[in-house]
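Q: Turn this into a model:
(chains A and B, ligands or ions: 1)
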Amino acid sequence: MLGATATAAAAVTGCSRVAARAGDIQLAAKAGRARLLSDSTVSTAVFGYGGQVPGRELRLRQGDRLRVSVKNELQEETTVHWHGIRLPNAMDGVPHLTQKPIKPGETFLYDFVAPDAGTYWYHPHHNSSQQVGRGLYGPLIVEEAEPIKVDRDITWLLGDWRLLEDGQISDDFGNMHDSMHAGRVGNTITINGRAPQPLAVRTGERVRLRLINAANARIFGLKFAGHSPKIVALDGQPVTPHEPSGSVLVGPAMRVDLIIDMVGDPSLKFAVEDTFYKGLEYTLTTLEYGPNPLRQALLTTPIALPPNRIAEPHLRAATRHEITFSGGMGGGMGMMGGGMMGGGMGMMGGMSWAINGVSATSHTHEPMLTFARGKTVVLNLNNDTAWWHPIHLHGHSFRVISRNGKPTAHREWQDTVLMPPRETAEIAFVADNPGDWMFHCHVLEHQAAGMMANLRVA
Amino acid sequence: MRKIIKSAMFGLGLALTAPAVAAGGAKPVAVLYKNPQCDCCETYAKYLRVHGYEVKVQATHDLPLIKKKHGIPTALEGCHTTLVGGYVVEGHVPVKSLNKLLAQRPKITGISLPGMPTGSPGMMGPKTKPFKVFAFNKAGRSAVYSVE
Ligand SMILES: [Cu+2]
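A: Okay, here's the model as predicted:
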């Protein structure tokens, strides 16, 4: 059945490349080599699914069942987490919490139905700063039963690497500086595992661009010169189409689906710039128009995506909880959480991140909160740190209902909410998926340094 | 892991040959490498300027690599890294120690005020105890350089 729909789907969405049609899939996590740099004589030793970066794009239709047998051909344990998919707890890929880690040489079968259409991705949840930082990730696209009309459906999986001068990955994973500041932000950006190449477009074309941020820690803030992209989905979930205020912000693990109408004249070039880090702005890539327009007038067909069926939070009956994130280097305030004044950073005296004062050292600990199944939960998130944090909840999508006390315009569904320093956000969801679910910062170095908890739905 | 050997003095005070830039006269230009999202480093740059240094601030994501390249022992790491007069100056080092370093020009790699002590230049809050500035060399050895 899956194979039969493949050609139809490709025709509808105009896929630029043949994506693997999901069904029964074999995926091996293993070492490999990748050409990440524009200098084609250099290849980098990486970890990858199938030994390649990124792992194959898995595509399936909403409601389809995905069976992926993951073989661990690494020298260390691993798991696979299907980021953003609302799946049964046992398939969530969290070591020791939802499954035993997959030992070297072992195979684990992930088997679940994808209930929501949208843009997702897969990555390990074990030693993830290192395993993701070395390239273990891939896109997971769940197609709508009735897709919107676009000329091309393009996935940009954004990767970020810390490479040394010889083009190899710096092995300074877990260093104190990264842990206590912004995480492991790299020095080399890739799109779909390659040095960014110009995107060839045609006047009048409509593109659905699926951005997936697979970086350990880097936040992207993209500006498309001369164009007005509309955000149509966040973290896979449809949102009222709207233009971003400023740049298109994509925090680690987040996804943003854009609709871009190619309004430029033939043969022109437009920069796509990343302006997130002040003083380190750069041109990610360019849109390069071919000489022949695709059409004279732009498409006027609707771009709103059909909503997924997610239980609507019932705010009046909600149980509310306060969640405070703390730790890290303080902005001009010295070490937060004490212990470090005048000491060396390497001494680690009390240095960590915490959720409600608890700094987790492993994936297994008592649940921080337990929710009654089927009840609405509102979490008031308070980022009491000097740093940005993409906060991810497993097993559920939540509405972001307010930021800094102000209701959000779109009440967007997300699975990862990007929190600026010293800000607050309220998220609301129906705790309808039973199990113990990770709730953590997706700056993987922050997570490793304690910024995680688990929440139980019972 | 590099070890701190407190008792091992390695030529401190032996102002023989200068690694670069003659002492005396105009102060050398300082290049300060910092995380793009860190504010305290900017405040430290201002502090150096007030004390007569020309400071070029360079935001970078490569601080861990820069610290490694310049031989800063892990235990002596601070927030930002400054290169000045042929020396590595790590963290919120008070200018008195820096001036002494550039005047005496000992044969060391650099000096550090580890961590981010409150009340140190560029850091808010009260000074709770004397600042111990450490000297370190390429071999990763360190010793107290000054106490302010
Ligand atoms: Cu974080």
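Q: What segments of chain B are strands?
A: Assigned by DSSP state E, the strands in chain B fall at B:30-34, B:55-59, B:81-84, B:87-91, B:110-113, B:132-136, B:142-147.
Q: and the third one, how far from the chain's centre?
A: Read that as strand B:81-84. Computed by Cα atoms, centre = their mean, to the nearest Å, the separation of strand B:81-84 from the middle of its chain amounts to 6 Å.
Q: what's across from A:P407 in the sheet?
A: A:S402 (DSSP bridges).
Q: Just confirm it contacts A:R399, I think it does.
A: No: using Cβ atoms under 8 Å, A:P407 is not in contact with A:R399, being 10.7 Å away. To be clear about C-beta, it is placed using only N, CA and C from the backbone, and glycine gets the same treatment.
Q: Show me which of those two is the more surrounded one.
A: A:R399 (22 against 11; other Cβ atoms under 10 Å in any protein chain shown).
Q: between the strands of chain B, which gets nearest to A:L418?
A: Smallest distance to A:L418 across these (Cβ to Cβ): 20.5 Å, for strand B:55-59.
Q: quick one: the closest one to strand B:30-34, angle?
A: Computed by axes from the mean of the first three to the mean of the last three Cα atoms, to 10 degrees, the angle separating strand B:55-59 from strand B:30-34 equals 20 degrees.
Q: Minimum distance to the ion, which residue of chain B gives it?
A: Nearest to the ion in chain B, going by Cβ to the ion, is B:Q37, at a distance of 12.0 Å.
Q: Spit out the contact partners of the residue nearest to that residue when sequence neighbours are not counted.
A: Distance criterion Cβ to Cβ, 6 or more residues apart in numbering or on different chains; nearest residue to B:Q37, sequence neighbours excluded, is A:A182 at 5.6 Å. By Cβ atoms under 8 Å, 6 or more residues apart in numbering or on different chains, the residues touching A:A182 are A:A217, A:W387, A:W388, A:V443, B:N35, B:Q37, B:H61.
Q: for chain B, what helix or strand is lowest in average pLDDT?
A: helix B:40-50 (a mean of 92; mean pLDDT, DSSP states H and E).
Q: Give me the packing partners of that one, helices and strands only.
A: Packing contacts for helix B:40-50, counted by 3 or more Cβ pairs under 8 Å, 6 or more residues apart in numbering or on different chains; DSSP states H and E, involve strand B:30-34, strand B:55-59, helix B:95-104.
Q: Tabulate these in TSV, adding columns for mean pLDDT, mean neighbour count and distance to the ion.
A: Formatted as TSV, those follow (pLDDT from 0 to 100; neighbours: other Cβ atoms under 10 Å in any protein chain shown; distance: least, Cβ to the ion, whole Å):
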stretch	mean pLDDT	mean neighbour count	distance to the ion
strand B:30-34	97	19	19
strand B:55-59	96	16	20
helix B:95-104	96	17	33
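Q: Could you chop chain A up by domain?
A: A:3-145, A:157-289, A:315-457 (automatic domain parsing).
Q: Turn the ones you listed into TSV, including distance to A:T300 and mean pLDDT.
A: As requested, the domains of chain A are exported to TSV (distance: least, Cβ to Cβ, whole Å; pLDDT from 0 to 100):
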stretch	distance to A:T300	mean pLDDT
domain A:3-145	18	89
domain A:157-289	10	97
domain A:315-457	22	87
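Q: for these, which one sits closest to B:Y47?
A: Minimum separation from B:Y47 across the domains of chain A (Cβ to Cβ) falls at domain A:315-457, 12.2 Å.
Q: Is any residue of stretch B:88-105 near chain A?
A: No: Stretch B:88-105 is not in contact with chain A by Cβ under 8 Å from any Cβ of the partner chain; minimum separation 8.8 Å.
Q: which residues touch B:P94?
A: B:L113, B:S120, B:P121, B:F131, B:V133, B:E148.
Q: How about A:G450?
A: Contacts of A:G450 (Cβ under 8 Å, 6+ apart): A:G327, A:S352, A:W353, A:A354, A:I355, A:V358, A:S359, A:A360, A:T361.
Q: who in chain B is up against the ion?
A: By Cβ under 5 Å from the ion, no residue of chain B approaches the ion.
Q: and of the domains of chain A, who's closest to A:A304?
A: Closest approach to A:A304 among these (Cβ to Cβ): domain A:157-289, 5.6 Å.
Q: now do the same end-to-end measure for that closest one.
A: Domain A:157-289 has an end-to-end distance of 22 Å (criterion: Cα to Cα, to the nearest Å).
Q: can you count the residues close to whichever residue of the stretch 51-200 of chain A sits closest to chain B?
A: Of all residues in the stretch 51-200 of chain A, A:V185 sits closest to chain B, with a separation of 4.2 Å (Cβ to the nearest Cβ). For A:V185, the tally of surrounding residues (other Cβ under 10 Å) stands at 27.
Q: measure the closest residue to it other than its chain neighbours to A:D274 for me?
A: Leaving aside its chain neighbours, A:V185 sits nearest to B:H61 (4.2 Å; criterion: Cβ to Cβ, 6+ apart). Using Cβ to Cβ, to the nearest Å, B:H61 is found at 12 Å from A:D274.
Q: Could you do B:G125 as well?
A: 35 Å.
Q: Those two: which is more packed in?
A: A direct count of neighbours by other Cβ under 10 Å for B:G125 and A:D274 places A:D274 higher, at 22 against 15.
Q: sorry, back to before: and the least confident helix or strand of chain B, how far from the chain's centre?
A: Its chain's average C-alpha position is 13 Å from that of helix B:40-50, according to Cα atoms, centre = their mean.
Q: before we move on, the earlier item: tabulate the contacts of A:A182 (TSV), appending neighbour count.
A: Output for the contacts of A:A182, formatted as TSV (neighbours: other Cβ atoms under 10 Å in any protein chain shown):
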residue	neighbour count
A:A217	28
A:W387	27
A:W388	23
A:V443	33
B:N35	23
B:Q37	20
B:H61	22
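Q: The residue of chain B closest to the ion: what's it in contact with?
A: A:H181, A:A182, A:Y277, A:A386, A:W387, A:W388.
Q: Contacts only, for the closest residue to the fifth one other than its chain neighbours.
A: The shortest distance from A:W387 to any non-neighbouring residue, by Cβ to Cβ, 6+ apart, is to A:G328 (5.3 Å). With Cβ under 8 Å, 6+ apart as the criterion, the residues that contact A:G328 are A:M180, A:H181, A:M336, A:W353, A:T385, A:A386, A:W387, A:H446.
Q: Which residues are in contact with the second one?
A: A:H181 makes contacts with A:G328, A:M329, A:W387, B:N35, B:Q37, B:C38, B:L63, B:C79, as judged by Cβ under 8 Å, 6+ apart.
Q: Surely the fourth one and B:C41 touch.
A: Yes: applying Cβ under 8 Å as the test, B:N35 and B:C41 come out as touching, 7.1 Å apart.
Q: tell me, what's touching these two both at once?
A: B:C79, B:H80.
Q: List the contacts of residue 44.
A: If you meant another chain, say so; for now it's chain A. Taking Cβ under 8 Å, 6+ apart, we find A:T44 in contact with A:R33, A:A34, A:R35, A:L36, A:L37, A:W161, A:L163, A:G167, A:Q168, A:I169.
Q: My question was about chain B, not that one.
A: B:L32, B:H80, B:H92, B:P121, B:G122.
Q: so how far is chain A from the fourth one?
A: When you say that, I think you mean B:P121. 12 Å (Cβ to the nearest Cβ, to the nearest Å).
Q: What of the third one?
A: Counting by Cβ to the nearest Cβ, the separation of B:H92 from chain A is 10 Å.
Q: how near is that residue to B:A45?
A: Distance from B:H92 to B:A45, by Cβ to Cβ: 11 Å.
Q: and these two? which has more neighbours close in?
A: Per other Cβ under 10 Å, whichever of B:H92 and B:A45 has more neighbours is B:H92, with 28 against 20.
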